[in-house]
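A.B. asks: I need the structure of the sequence given here:
(one chain, ligands or ions: 1)
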Amino acid sequence: MSDPSTLDELLVCRLDTGRRQLEPCTIVIFGASGDLTARKLVPALYHLYLGRQMPMPFRIVGFARRPKSDEEWRLELKAGLDKFSRTKPVDAAIWGAFAENLHYCQGEFHELAAYARLRQMLKGFGPPELAHNLLCYLATSPSQFGEVAERLYASALVDRSEQRKGWQRLVIEKPFGSDLATARSLNAELTRYAHESQLFRIDHYLGKETVQNLLMFRFSNAIFERLWHRDAIEHVQITVSEQHGVGGRGGYYEEAGALRDMVQNHLLQVLALMTMEPPVSLEAESIRDEKVKLLRALRIWQPEQVAMQVVRGQYTAGEVAGQSRPAYRTEPKVAPDSSVETYVALRVLIDNWRWSGVPFYLRTGKNLPLSASEVRVQFRPTPHVLFAAQCGPKLDANALTLRLQPNEGITLRFNGKVPGTSMQLRPVRMHFSYDAEFGAYTPEAYERLLLEAMAGDATLFIRRDEVETAWGFVDAIREGWRNQPLTAESWYAAGSWGPEAADALLARYGHAWRHPQAPQ
Ligand code: BG6
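C.D. replies: As a prediction, the model looks like this:
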């Protein structure tokens, strides 16, 4: 019998052999005392180091307002890592070696002198590449993105010209603007100080293994791609449900709401990857061109259509997984009469040749019964003869569910004969589980994103026209909501699947939500 490991070796098609070698670099984190740094960035960098994926040598410099020594910063980060690391316990020896590369630079974001200190520090030790290969991670508040970019440029830390020595890149966290106008002006500002090819706009969903797999799944499997259009697909449901409420993020959420926090970025990205045309190559620009083309084909709802196509919801008090939850309006930093949506469901139409007439239902919300992200592709039923004629709606149409998280995998649902002498049909499922197939290796999205940014591959980052097109779509919906407070139909109890109006939205078109199932 052949050795299965050899067989795997033969069958695995490696796409990253031509990948650029990582060059030694310094990662400068602006907002080094913040939550994102402790929770996501440093754990991700530690795991890259653990997996020997960091370039050698490398250096991580934290830039923030509060004075502290390298040692104090390291201790703070270690405490964060112990708490948030995806592998536990943290390996003390590896941490020790990793932490030697962590340095702290105190400074205010507006203070030019602080950037001069940073420059001195970068030149002060280590090989010269570490001083000019710079990945500047802007984990600051969005209002400071422009300022930090301008100061970096003014102090010659970032060079936008072709003659630059080494490379400098800016990684920009979300939210990128709060509407089309602010996103445009932020783009204009950032591109004054850095070239578009130096800007890496984050959408952490693109770093998720299962989200990346959407393209592989679609374009390496002939059987599915042949069915991927309006003739075979009746409708698609994309659900990103979350069990937690807004908790301590009330201040931010009051400015954002579910539409801007989740739909403008994560859900539209998943939709684009599910529906875009095949790119001409796997190059970043080819893939991003197709995503933009798709986003441009989204039908823009006119203000008077919004109420019929988009449902807003806000949670009232309830219970999630046995825990009682307060109403949104009583969460810290939330206005007692807030009309901000914590849930949104919408019908999306794509006006292009492939998808004309196929509804895509998107929904996301906080305090829902389960945390689960999935895409369900509902195929058209068989003609109304033979089994369908006899069973009617009881004969389930085929469906393909791509479970993005948790319980990552893909399930195909089809009908089969119930064994026995009687003639009975019922749906059965074919499962692919990441865990069963590949083991429980699930790197954090940020690990992949940081690696790609260091390698200079922009595939998993959002291009300027992409972010603006997505805002255009979302702005039109917000225009329809202008001066329209939430109504009695908007409330849903924490722990339910959202307002009833969301069920009515699908029912109007003869469809019904299929809720994600809890892992068994
Ligand atoms: C963030 C949103 O972008 O994504 C949060 O701001 C949300 O509100 C989070 O909870 C969801 O990310 P994930 O990876 O947990 O699905």
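A.B. asks: got the residues of the stretch 101-250 of the chain near the ligand?
C.D. replies: Within the stretch 101-250 of the chain, the positions adjacent to the ligand are Lys174, Glu242 by CB under 6 Å from any ligand atom. Yep, even glycine has a C-beta here, placed from its N, CA and C like the rest.
A.B. asks: Look through the stretch 101-250 of the chain and state the residue closest to the ligand.
C.D. replies: Glu242 (5.5 Å; CB to the nearest ligand atom).
A.B. asks: Point out the residues in the stretch 251-400 of the chain that sit beside the ligand.
C.D. replies: Residues of the stretch 251-400 of the chain lying near the ligand by CB under 6 Å from any ligand atom: Asp261.
A.B. asks: Please name the nearest non-neighbouring residue to Lys88.
C.D. replies: Asp82 (7.8 Å; CB to CB, 6 or more residues apart in numbering).
A.B. asks: pLDDT weak spots in this structure?
C.D. replies: Filtered on pLDDT under 70, the chain yields the residue ranges 1-10, 17-20, 441.
A.B. asks: 80 instead?
C.D. replies: Counting by pLDDT under 80, the chain shows low-confidence ranges at 1-21, 384-385, 389, 392-395, 440-443, 519-520.
A.B. asks: the residue most distant from the middle of it, which is it?
C.D. replies: Using CA atoms, centre = their mean, the residue of the chain lying farthest from its centre is Thr421. It sits 49.4 Å away.
A.B. asks: Look up phi and psi at it.
C.D. replies: Main-chain torsions, Thr421, degrees, to the nearest 10: phi -80, psi -20.
A.B. asks: mind checking how far it is from the ligand?
C.D. replies: From Thr421 across to the ligand, the span is 48 Å (CB to the nearest ligand atom, to the nearest Å).
A.B. asks: circling back: just give me the neighbour total for the residue nearest to Lys88.
C.D. replies: Using other CB atoms under 10 Å, Asp82 has 13 neighbouring residues.
A.B. asks: Ramachandran angles for it?
C.D. replies: phi -60, psi -30.
A.B. asks: follow-up on the earlier one: help me confirm that the residue of the stretch 101-250 of the chain closest to the ligand comes into contact with Lys366.
C.D. replies: Yes. The criterion here is CB atoms under 8 Å, and Glu242 meets it with Lys366 at 5.2 Å.
A.B. asks: Neighbour count: the two, which is higher?
C.D. replies: The residue with more neighbours, out of Glu242 and Lys366, is Lys366; 27 against 20, by other CB under 10 Å.
A.B. asks: Dihedrals phi and psi, the more buried one?
C.D. replies: The phi/psi pair for Lys366 (degrees, to the nearest 10) reads phi -100, psi 160.
A.B. asks: For it, which non-adjacent residue is closest in space?
C.D. replies: Nearest residue to Lys366, sequence neighbours excluded (CB to CB, 6+ apart): Thr342, at 4.6 Å.
A.B. asks: which ones are touching the one you found?
C.D. replies: Gly245, Val246, Tyr253, Gly257, Ala258, Gly313, Gln314, Tyr315, Tyr328, Gly365, Lys366, Asn367 (CB atoms under 8 Å, 6 or more residues apart in numbering).
A.B. asks: any idea how far Gly31 is from the residue of the stretch 101-250 of the chain closest to the ligand?
C.D. replies: Plainly put, Glu242 is 24 Å away from Gly31 if you go by CB to CB, to the nearest Å.
A.B. asks: One more: Gly96?
C.D. replies: Gly96 is 25 Å from Gly31, by CB to CB.
A.B. asks: out of those two, which sits in the more crowded spot?
C.D. replies: Counted by other CB under 10 Å, Gly96 and Gly31 do not tie: Gly31 has more neighbours, with 22 against 11.
A.B. asks: could you flag which of the contacts of Thr342 are buried?
C.D. replies: Among the contacts of Thr342, those that count as buried by neighbour count (16 or more other CB atoms under 10 Å) are Gly245, Val246, Tyr253, Gly257, Ala258, Gly313, Gln314, Tyr315, Tyr328, Gly365, Lys366, Asn367.
A.B. asks: now, which of these lie within strands?
C.D. replies: Mapping these onto strands (DSSP state E) picks out Gly313, Gln314, Tyr315, Gly365.
A.B. asks: Mind telling me what element Ser496 is part of?
C.D. replies: For Ser496, there is no host helix or strand (DSSP states H and E).
A.B. asks: no wait, Ser356
C.D. replies: Take DSSP H and E as the rule and Ser356 turns out to sit in neither a helix nor a strand.
A.B. asks: Not counting residues beside it along the chain, what's closest to it?
C.D. replies: Arg230 (5.8 Å).
A.B. asks: What's the nearest residue in the stretch 151-300 of the chain when you look at the ligand?
C.D. replies: Asp261 (4.8 Å).
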